[in-house]
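Colleague: next come a sequence and a model predicted from it.
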Amino acid sequence: MNVLACVKRVPDTGAKIVLTDDGQAIDTSNLGFTMSPHEECAVEESIQIVEDHGGTATVMTLGPEAATEQLRTGLAMTADEATLLETDGSEWGPRATASAIADAVRALEEEGESLDLLLFGNESADAANYQVGARVATELGLPCVAGIKTLDIENGTAIAKREISGGEEVYEVDLPAVVTVKEGINEPRYASMRAKMQARNTEVDRRDPDTGEHAGTLEMVRLEAPAEDDTEAELLGEGAEAVPRIVEVLRDDLEVLG
Amino acid sequence: MILSFVEHEHGTPAETSLEALTLARRLADGAGGPVEAVAVGDEASAVADALGEYGVERVHAVAGERLDTYAPEAWGASAAQLVDDLAPEAVVAPGTDRGHEVCAHVGAKRDLPMAANCIAVESAATGEAWELTRNRWGGSLIEHARIDADTKLVTAAEHEFPVEAAGEGADPAVEEFAPDLDDDHFRVRVDRVEESDVEGVPLGEARVVVGGGRGVGGPEDYDQLEELADLLGGAVGASRAAVNEGWRPHDDQIGLTGAKISPDVYIACGISGAVQHMVGCKGAEAILAINTDPEAAIMQKGDYAVVGDLHEVIPALNDAIRDTK
């Protein structure tokens, strides 16, 4: 079982998102970076599958040189290999990203590294376009199942479950396949210090991605922080003394009591 | 023409699909054309009865062997073939799991750009780009963008387009559409549905949600929150911090990568109110925050605030509510 997990480097935002003056990006001068949470789970899932079934777990990202930080996080979690599709750091849309990943997968296969399973996050934390997995699958002629929170591999078949209201839909998909996952599918491990040290010395496979040619465009014009709700919260009191007032609010204002 | 993808259960359209239809009609008005709908499955033609009042002129009922059970690629391919025949200015889908997925497959199959989770879209005359705004970071950031394609694909963010009926309702014409599909389109298809064995109200549907964060301090003290939720007929949720501590299962997580809730009231206990959490509860009608720190973000962003230790406030509140019953 050779499993690929595709991740995206995103700012590790705190209580408030601050934009650059031109509104073209998040001001990251005071921020660290991380992988999108869904994708961190994709990496963990790839490692667990390889632990159970043997094979190679590869972590891949499209991004600038600095995104090797996220690849090394994946390696420290004990992924075996890492591939950087190196860009100049400008934002690539979902179609260009999907074309570049599909190209890289085809190139790996030509080099004799066939992949059985391609894992993605259901949507990235930042741009959240909800489509890269389906586009990669289509370019490669693979089936794609999205939004998965339970995944088991049995005899070359992926048994994948998606949450719906009141239960789960179960899909059975023959490999090779693309699966996009959601946080909660597993608990990503903390890398040991030793694994982090080793990850630093693992060579990252670097490739030049191509956007492909696409008809039509979707272009970002600028970003905007949504208007803050500046109405102040009504202080109902302090400690247990606030209880009578809370009861009033629940009963009379919100009508959820009685 | 604007083509709106409608999810339905036995011919009854989903609320989120009516929201998307409300956007579709506005776009049709701006572009100067009609709204048509596409629905998939055995009872798709029945959905027409419910769509007339939303200004739909024609319903394309996609039916065929194996299409009654959800199969994302087959459904996407059906919609793509319909796009080939009808050449709509845009396809509008609800910003749901299936809406996003079907739309993504249409985009992938026809190499069309797709804008997900739009909160506003301005249509223009044929041949011109459209301006739109869409959610990033679960809505804690807004992107202004421009989409230009023969057929533009957009999904409507949930709860952003209040459902409006059209001025005059008419009975839409129903046209059966038989797509050309093969086995490959059905490689992914719902095999079975497993019912949840979790008792109580699902988080996403609860009228009252009691959320607990790091301030709860440990898994045991959620008992007090469970009790409050029980008294109010609600459900218990948690912040990502509490889930990461292992105090609650991930299914309880409210936020960017967890559940999006829309209760009448969200009682947030010991939760600081990070952006990633707030995007999960912004659908709440009212937020009541209980926190020892009056400066916590949630104490500013909420509607009601109680400064205090939830371990004192919640048991006293539970007693008081019991007394009222």
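Modeller: Done, it's in.
Colleague: what are the phi and psi values at the nearest residue to B:Val163 once chain neighbours are set aside?
Modeller: In space, and not counting its chain neighbours, B:Val163 is closest to B:Leu18: 4.4 Å by CB to CB, 6 or more residues apart in numbering or on different chains. In short, each C-beta sits where N, CA and C put it, glycine included. Note on B:Leu18: backbone dihedrals following degrees, to the nearest 10 are phi -70, psi -30.
Colleague: same question for A:Glu255.
Modeller: Here is the backbone geometry of A:Glu255 (degrees, to the nearest 10): phi 50, psi 50.
Colleague: show me the contacts for it.
Modeller: A:Glu255 sits next to B:Asp264 when contact means CB atoms under 8 Å, 6 or more residues apart in numbering or on different chains.
Colleague: can you check the pLDDT for it?
Modeller: Here, the pLDDT recorded for A:Glu255 equals 93.
Colleague: same deal with A:Gly14?
Modeller: Looking at A:Gly14, its pLDDT reads 67.
Colleague: the residue nearest to B:Val163: neighbouring residues, count only.
Modeller: A count of neighbours around B:Leu18, defined by other CB atoms under 10 Å in any protein chain shown, yields 21.
Colleague: which residue does the stretch 101-250 of chain B have closest to chain A?
Modeller: In the stretch 101-250 of chain B, the residue found nearest to chain A is B:Ala149; the distance is 2.9 Å by CB to the nearest CB.
Colleague: now that residue, nearest residue through space, not along the chain?
Modeller: Nearest non-adjacent residue to B:Ala149, counting by CB to CB, 6+ apart: A:Gly216, 2.9 Å away.
Colleague: what's near enough to touch that neighbour?
Modeller: Residues counted as contacts of A:Gly216 (CB under 8 Å, 6+ apart) are B:Asp111, B:Leu112, B:Pro113, B:Ile147, B:Asp148, B:Ala149, B:Asp150, B:Lys152.
Colleague: quick check, the first one in contact with A:His214.
Modeller: Same thing as B:Asp111. Yes - between B:Asp111 and A:His214 a contact is recorded at 5.6 Å, counting by CB atoms under 8 Å.
Colleague: sorry, back to before: got a quick ChimeraX command for the buried subset of the contacts of A:Gly216?
Modeller: Buried residues within the contacts of A:Gly216, by 16 or more other CB atoms under 10 Å in any protein chain shown, are selected in ChimeraX with:
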select /B:111,112,113,147,148,149,152
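Colleague: can you tell me which of the contacts of A:Gly216 are in strands?
Modeller: Mapping those onto strands (DSSP state E) picks out B:Ile147, B:Asp148, B:Lys152.
Colleague: name the element the residue nearest the centre of chain A belongs to?
Modeller: Nearest to the geometric centre of chain A sits A:Glu39, at 3.0 Å (CA atoms, centre = their mean). A:Glu39 belongs to helix A:37-53 when elements are defined using DSSP states H and E.
Colleague: which secondary structure elements does that helix contact?
Modeller: Applying 3 or more CB pairs under 8 Å, 6 or more residues apart in numbering or on different chains; DSSP states H and E, one finds that helix A:37-53 makes contact with strand A:2-7, strand A:56-63, helix A:68-76, strand A:117-121, strand A:150-154, strand A:177-181.
Colleague: listing partners with orientation, what would you give for the fourth one?
Modeller: Looking at strand A:117-121 with DSSP bridges, its paired strands and their directions are strand A:2-7 (parallel), strand A:177-181 (parallel).
Colleague: ok, now the second one?
Modeller: Under the criterion DSSP bridges, strand A:56-63 sits next to strand A:2-7 (parallel), strand A:81-86 (parallel) in its sheet.
Colleague: next structured bit after the first one?
Modeller: If I follow you right, that is strand A:2-7. Downstream of strand A:2-7, the first helix or strand assigned by DSSP H and E is strand A:9-11.
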